[in-house]
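Undergrad: Fold the following for me, if possible:
(one chain, ligands or ions: 2)
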Amino acid sequence: MNIATPISHACCDHSFEPEHLHATVSQLFKPSGVDGVYGRTGAYESVIEALAALISSHRPQDAEVFRFAPVMPRASLEKQGYLNSFPQLIGAVSTLTGSDRDISKSAAKYENGGDWTEDLKPSDLVLAPAACYPIYPIAAGRGIVPDEGYVFDVAADCFRHEPSRHVDRFQSFRMREYVRIGTPQQIQDFREPWVERAKGIADAIGLSYIVEVANDPFFGRVGTMMANQQREDALKFELLVPVRSAQSPTACMSFNYHKEHFGEVWGLHNAAGQVLHTGCVAFGMDRLAVALFVTHGAKIADWPAGVRQALRL
Ligand code: AMP
Ligand code: ZN
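TA: Ligands and ions are numbered 1, 2, ... in the order given. Predicted coordinates:
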């Protein structure tokens, strides 16, 4: 018989972080037993909600709102080339299938000290690694994109397989995005002002930051070349906030230009037959919330009045 073992808290404490960080985050998160996945307190969630409202107040005119599930079709991820770019981050849903007899045989393996997980079969779902991925096939499904293009407001609970004990890196985290689909000029006209607007949001909530050119964690040796190219072409900028340290600040928002990638994958085109470009501005909601608590303290009541006013807290 299997004896239940107590969850080891060593696997998800933050005691290796500087003392002030440890003291702050231990008031916000309760360990789940797995690094990068936590129970969140009501105070923490009130900040997430306040941030969401603040970001909504900057919603572009005409933006269409969609909220997505934490899972998305595996076929979509495959089609858009995620297996080449970021296979190390994938989390896929697997299930027990077959007859009731097959399923109970598999489940009984656990009680008998065996490995029930060897019977899991991949389902047609993966965990969503970014909030914007489901929007491109939806937009493409409408047919020819109107000349003014599209703007979307999307959000999802995202998963990335990057277990970590650092306070700013989760496996499961909330992402909010504004997404633009249009001509290269329309994407540029969208992205550039957003960098300035995002700085204004960070100013309003009392976060210090730098904005720098960045790259995605493309996989492997080819990935290193892709990352270099991405930097050279300035396709990604990040707004970085000193959370763990000033030397390695944390990307809390990102400003991405995907060029024609999603347009080609999903067949997004205008009436003239041009393949359209896409871009997005992404807000790491949990990173922004952690940055606020680390900057202003664990007790919201003690935060600067201006910050609380901006967040209506
Ligand atoms: P990216 O697509 O990597 O630019 O991610 C969009 C935003 O999500 C980033 O700017 C971060 O704020 C946030 N983010 C990315 N990875 C993580 C993670 N492991 N934990 C928490 N937030 C994350
Ligand atoms: Zn995006």
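Undergrad: Quick check: residues of the stretch 1-150 of the chain near ligand 2?
TA: Residues of the stretch 1-150 of the chain lying near ligand 2 by C-beta under 5 Å from the ion: Cys132. Glycine gets a C-beta too; all of them are placed from N, C-alpha and C.
Undergrad: where in the stretch 1-150 of the chain is pLDDT low?
TA: 1-16 (pLDDT under 70).
Undergrad: rerun at 90
TA: The model of the stretch 1-150 of the chain has pLDDT under 90 over residues 1-23.
Undergrad: try the stretch 201-313 of the chain
TA: Ranges of the stretch 201-313 of the chain meeting pLDDT under 90: none found.
Undergrad: how about the helices in the stretch 51-200 of the chain?
TA: Secondary structure of the stretch 51-200 of the chain by DSSP state H, counting those that start in this stretch: the helices cover 74-79, 82-85, 100-111, 135-140, 184-204.
Undergrad: Show me what the last one is in contact with.
TA: Yep, that's helix 184-204 we're talking about. With contact meaning C-beta atoms under 8 Å, 6 or more residues apart in numbering, helix 184-204 is reached by 54-55, 58, 60, 149, 151, 178, 180, 182, 208-209, 211, 237, 239, 241, 252-253, 255-257, 259, 277-279, 281, 306-307, 310.
Undergrad: That helix near ligand 2 at all?
TA: No - judged by C-beta under 5 Å from the ion, helix 184-204 makes no contact with ligand 2; its nearest approach is 11.5 Å.
Undergrad: Just list the residues touching His277, thanks.
TA: Ile181, Gly182, Thr183, Pro184, Gln186, Ile187, Tyr257, His258, Lys259, Glu260, Gly263.
Undergrad: re the thing from before, looking at the contacts of helix 184-204, which are in strands?
TA: Judged by DSSP state E, the contacts of helix 184-204 include 151, 178, 180, 182, 211, 237, 239, 241, 252-253, 255-257, 259, 277-279, 281 as members of strands.
Undergrad: from those, which would you call buried?
TA: Burial by neighbour count, judged by 16 or more other C-beta atoms under 10 Å, picks out 151, 178, 180, 182, 211, 237, 239, 241, 252-253, 255-257, 277-279, 281 from the ones in strands among the contacts of helix 184-204.
Undergrad: Intersect those with the contacts of ligand 1.
TA: Cys252, Met253 (C-beta under 6 Å from any ligand atom).
Undergrad: need the residues of the stretch 201-313 of the chain near ligand 1, please.
TA: Asp216, Ala251, Cys252, Met253, Ser254, Ala282, Gly284, Asp286, Arg287.
Undergrad: tell me which of those is nearest to ligand 1?
TA: Gly284 (1.9 Å; C-beta to the nearest ligand atom).
Undergrad: Provide a list of residues in contact with that closest one.
TA: Phe173, Arg174, Met175, Ala251, Cys252, Met253, Ser254.
Undergrad: Over to it: give its phi and psi.
TA: Main-chain torsions, Gly284, degrees, to the nearest 10: phi -80, psi 100.
Undergrad: Compute the distance between it and Leu276, please.
TA: Distance of Gly284 to Leu276, given as C-beta to C-beta, to the nearest Å: 26 Å.
Undergrad: helix/strand/coil for Ser248?
TA: coil (DSSP: H, G, I helix; E, B strand; the rest coil).
Undergrad: Look up how far Gly206 lies from it.
TA: Note on Ser248: its distance to Gly206, by C-beta to C-beta, is 21 Å.
Undergrad: what does Phe293 give?
TA: 12 Å.
Undergrad: Looking at those two, which has the bigger crowd around it?
TA: Just comparing Phe293 and Gly206: by other C-beta atoms under 10 Å the higher neighbour count belongs to Phe293, 22 against 17.
Undergrad: Where does the stretch 1-150 of the chain get nearest to ligand 1, which residue?
TA: Going by C-beta to the nearest ligand atom, ligand 1 is nearest to Ala130 of the stretch 1-150 of the chain, at 5.2 Å.
Undergrad: wait, that residue sits on His258?
TA: No - in terms of C-beta atoms under 8 Å, Ala130 does not count as a neighbour of His258; the distance is 10.8 Å.
Undergrad: Any of the contacts of His277 buried? List them.
TA: Buried among the contacts of His277 by 16+ other C-beta under 10 Å: Ile181, Gly182, Thr183, Gln186, Ile187, Tyr257, His258, Gly263.
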